[in-house]
Every structure is written in C-alpha cells, then in structure tokens.
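Trainee: could you work out the structure for the sequence below:
(one chain, ligands or ions: 1)
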Amino acid sequence: MDNNNGKKSSEKLIDNADTTNSDVNKKLLEIRDSIDAIDDQFLQLLSQRAECAEKVAQIKRETGEVDLWFYRPEREAQILNRVTENNPGPLKNERITAIYREIISSCLALEQSIKVAFLGPNGTFSQEASKKHFGHAVETVPMGSIGQVFKEVENGTVDYGVVPIENSTEGVISYTLDVFMHSPLKISGEITLRIHQNLMTVNKDWRTIKRVYSHPQSLAQCRQWLNDNLPNVEQIPVSSNTEAARRAKEDPESGAIAGALAAKIYELDIAYSNIEDSKDNTTRFLVIGKQDVPQSGKDKTTLMISAKNRSGALYHLLAPLAAHGLDMTRIESRPSRNANWEYYFFMDIDGHSSEPNVAKALEELSEESELMRVLGSYPKAVL
Ligand SMILES: O=C(O)C(=O)C[C@]1(C(=O)O)C=C[C@@H](O)C=C1
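Mentor: This next block holds a predicted model:
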C-alpha cells in the first residue's frame, strides 16, 4: 500500500538499514507487505462491523427494543465466548478477548456514550477492571467509596458501576454485600482481574526504605513477601493504592504497594514486581446497574435471602436447589443489622432465572425464606 511519499511504509522504515542485510530486508519487506494488506482488509471489516452496530442502534432507537439498553452484556459475553472457542491461535485467548472487548467498546460508543463509576481514585484496580470489561471507549468516573458508586448509579448520573466483591486471597468484601441490602440495583455482570502487586519507590535502593504505604487489602495480599523482604519496615494502611503511590512519590524514605497503573500515574519506578503471595491472586468485581440481563447461555444468578427463624433454616434454603439439580457456587452470610443473630445469605447459583429449573427452584426458595431478592442473572466472567 502506498503512503504519501509514494513509498511502501515498510520500505521507508528500513531505508537506512545496512545493505549487507539485504536478504533479511527483502524477507521483512515481504512479510510487512502482507501485514499491510491484512490491515487494509481488517480496517474495511472493522468499518463494516461499526456500521452494523450503528444499524443495531437505529433499530433499538426506533422500536424502543428491550427498554432501550444499548449495552448488552449477554450479547458481549456470547461474542467473547464464541471467539475464544474459535480462536485458531497463535494469539492467546486473553489477548483475543482484550482486542474484541476494545472493538465492541468502540462500536458501543457509536451507539451511546456510557459512564461507569468505580471505586477511585484513578489508577485503582477497580478502574483497571472497569477498563478491562467496558474497554477504553467508555468514560470511567472515580468515586470516593463503594456506597457512592451505588448512589451515582441509583441517581442516574452514571450508567453502571463497578465494585469489588471478593479476592481469592482475602475473601469477600463484606461492605459491598452490606450496601446491596439497601439498594435496588441489580447485577449485570462480573469481572475477574488478575491482581499483580508491585513495590514502587523513588528511592534508589528499595531495601533501605523505612515505611510502606498501601490499601489494607494489598498489604494483606503481600504479607509473606513483606515479612521475607522488608521485615522491619513500618506498614501504613491508606485509603487506596493510588494514595499510597502519591505518598511514596513525596517521601523518598518510603515505598508503595500498588498496581502498575498507579506507578505510571505518579511516575514511580517499580522496584520489585509481582510481590503478591498467591501467584493466582484474583479479584472479582460486579457490574451494577438497573438492567435485567437476558440469558447468554453461560450465566449465574445471585440471590439475597433471609431465612425464616426456625430449626434447620439453612437446610430448607438449600433443599430446593438440590431438588432441581442446581449448583450453588458460593454462599456468604451477613448480619441483617435489623435484629441480633438474624442473617442475610448471599448465594450464587449456576444458571439464569429464566431457565425453567432455576425459575422453579427460585419459586420454592422464596416460599422457604423470609425475604428473597434476585440481585441478578448475568453472564459468567469471560477470562
Ligand atoms: O448487538 C447489539 O445489541 C449491539 O449493540 C452491538 C454490540 C457489538 O458491538 O457487537 C455493541 C454493544 C453491545 O453491548 C453488544 C454488542
């Protein structure tokens, strides 16, 4: 493909290369020409895809289809599941899904601009999770607390929210569950994010730092590493990892534990990377909104239930699930705060509430419980 100078772009790049390498150059030229030709086709296809998204938007607008939701988590999950199943390689499924998420994100942006609130400030893992799920074409808006993320979505100042729900090392984030007790919002998706923690500092020798700042969750995720490598360093919990990075920037005798994004924002050097104790340290986030999400084919349902005050209460809650062959993948209990020793149970079950066996089990569960709310049926996280 010719560029402005009438030269192939690959030719231009190797103009000054050593002529003794002409064989290598020739081979490179050929491959780069193929890449250019593929990119041209790719660009045409991308534009065609974007035009399809515009047509979809027009139909949604004209017909008022399904409450006018432009963002369709079930459809996105189906696309991502399909491309990972059909991926011929050599690109890994993680890379394929990342690329497709960005394509869908850009197409969605043509349909409607979307705002997503997350637990701020900028640079937190919650922001990383929001970008991973919604792509970079959405606007992410930092909030001061998980409660505020809920509030902004409830008020409609943003379209969706992303809140952490559990970490594979540290367990459930009970605050998020507690906020659900008083919120009408629904869950429309989940995101899993591999969490890599890093020690960052302006100090030339990280072994001489005297203090380390981080969010309590992150300090806990690196407990062993800190004991082994910085046993006498004071650990100072702060409100976020980005705040930790900000302090480390100002205090050369200190370091921060945070994600790579925070290091970038505060221009800190990463002195030691991947210091999390568990090598598959993962945090799960929920996408919250006002939307009921149709079936994607690979779904889960989250319930909030309070048991009737009687013997074998939990047994009575579990029996309908067993009777309809449903898997319960998680259960958490939280004090109700209405009365002593009364609890709410948060349950995840496999399947979507519109599947007949799930619907039947939910009906029976509702009879067995004091109160039951379906917080959402939504697609399982894709990579
Ligand atoms: O299928 C739709 O409803 C679309 O709006 C298209 C599309 C896409 O780009 O594939 C875009 C946004 C939605 O969240 C899901 C899918």
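Trainee: hey, let's count contacts and neighbours off CA atoms from now on
Mentor: Will do.
Trainee: ok, residue 345 touching residue 304?
Mentor: Yes. Counting by CA atoms under 8 Å, residue 345 touches residue 304, with 5.7 Å between them.
Trainee: in a strand, residue 203, correct?
Mentor: No. Residue 203 sits outside any strand when classified using DSSP: H, G, I helix; E, B strand; the rest coil, being coil.
Trainee: wait, it sits on residue 249?
Mentor: No. With contacts counted by CA under 8 Å, residue 203 stays clear of residue 249, the gap being 9.3 Å.
Trainee: can you list the weak-confidence ranges in the stretch 51-200 of the chain?
Mentor: 65-67 (pLDDT under 70).
Trainee: residue 203 and residue 249: which is more packed in?
Mentor: Higher neighbour count among residue 203 and residue 249: residue 249, with 22 against 19, using other CA atoms under 10 Å.
Trainee: got the contact list for the spatially closest residue to that one that is not a sequence neighbour?
Mentor: Sequence neighbours aside, residue 202 is the residue nearest to residue 249 in space, at 6.3 Å (criterion: CA to CA, 6 or more residues apart in numbering). Applying CA atoms under 8 Å, 6 or more residues apart in numbering to residue 202 gives the contacts 248, 249, 252, 255, 268, 269.
Trainee: and those as JSON lines, adding secondary structure?
Mentor: Written out in JSON lines, the entries for these read as follows (three-state DSSP):
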{"residue": "248", "secondary structure": "helix"}
{"residue": "249", "secondary structure": "helix"}
{"residue": "252", "secondary structure": "coil"}
{"residue": "255", "secondary structure": "strand"}
{"residue": "268", "secondary structure": "coil"}
{"residue": "269", "secondary structure": "strand"}
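Trainee: most widely separated two among those residues?
Mentor: Greatest spatial distance among those (CA to CA): 252 and 269, at 11.9 Å.
Trainee: report the set of residues contacting both of those two.
Mentor: In contact with both residue 252 and residue 269: 201, 202, using CA under 8 Å, 6+ apart.
Trainee: just checking, next helix/strand downstream of the strand or helix carrying residue 55?
Mentor: Secondary structure from DSSP states H and E places residue 55 in helix 22-63. With elements assigned by DSSP H and E, the helix or strand that comes after helix 22-63 is helix 73-86.
Trainee: kindly export that following helix (C-alpha atoms) in CSV.
Mentor: The C-alpha atoms that make up helix 73-86 are tabulated as CSV, following Å, rounded to 0.1, in the frame of the first residue of the first chain:
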residue,chain,number,x,y,z
PRO,A,73,-23.8,-7.8,28.5
GLU,A,74,-25.3,-11.1,27.4
ARG,A,75,-24.5,-10.4,23.7
GLU,A,76,-21.0,-9.3,24.5
ALA,A,77,-20.4,-12.5,26.5
GLN,A,78,-21.7,-14.6,23.6
ILE,A,79,-19.3,-12.9,21.2
LEU,A,80,-16.3,-13.3,23.5
ASN,A,81,-17.1,-16.9,24.3
ARG,A,82,-17.5,-17.6,20.5
VAL,A,83,-14.2,-16.0,19.5
THR,A,84,-12.3,-17.8,22.3
GLU,A,85,-13.8,-21.1,21.2
ASN,A,86,-12.9,-20.5,17.5
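Trainee: okay, buried residues for that helix please.
Mentor: Residues 73, 74, 75, 76, 77, 78, 79, 80, 81, 84 are the ones in helix 73-86 that count as buried (16 or more other CA atoms under 10 Å).
Trainee: phi, psi of the nearest residue to residue 75 once chain neighbours are set aside?
Mentor: Once flanking residues are discounted, residue 75 sits nearest to residue 296: 6.6 Å by CA to CA, 6+ apart. Main-chain torsions, residue 296, degrees, to the nearest 10: phi -110, psi -20.
Trainee: is residue 296 in contact with residue 78, as I believe?
Mentor: Yes. Proximity of residue 296 to residue 78 meets the contact threshold set by CA under 8 Å, at 6.0 Å.
Trainee: where do the strands sit along the stretch 101-250 of the chain?
Mentor: 115-119, 139-143, 160-167, 171-172, 186-194, 198-201, 211-214, 234-237 (DSSP state E, counting those that start in this stretch).
Trainee: actually the stretch 251-383 of the chain, not the one I wrote
Mentor: 254-258, 269-272, 282-289, 299-307, 328-335, 343-350, 369-379.
Trainee: next, format these as TSV and append distance to the ligand and mean pLDDT.
Mentor: Conversion of the strands of the stretch 251-383 of the chain to TSV gives the following (distance: least, CA to the nearest ligand atom, whole Å; pLDDT from 0 to 100):
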stretch	distance to the ligand	mean pLDDT
strand 254-258	31	97
strand 269-272	36	95
strand 282-289	13	97
strand 299-307	16	94
strand 328-335	27	91
strand 343-350	23	93
strand 369-379	13	95
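Trainee: right, so these: which one is the most enclosed?
Mentor: strand 254-258 (a mean of 31; mean count of other CA atoms under 10 Å).
Trainee: off-centre distance for it?
Mentor: Computed by CA atoms, centre = their mean, to the nearest Å, the chain-centroid distance of strand 254-258 equals 23 Å.
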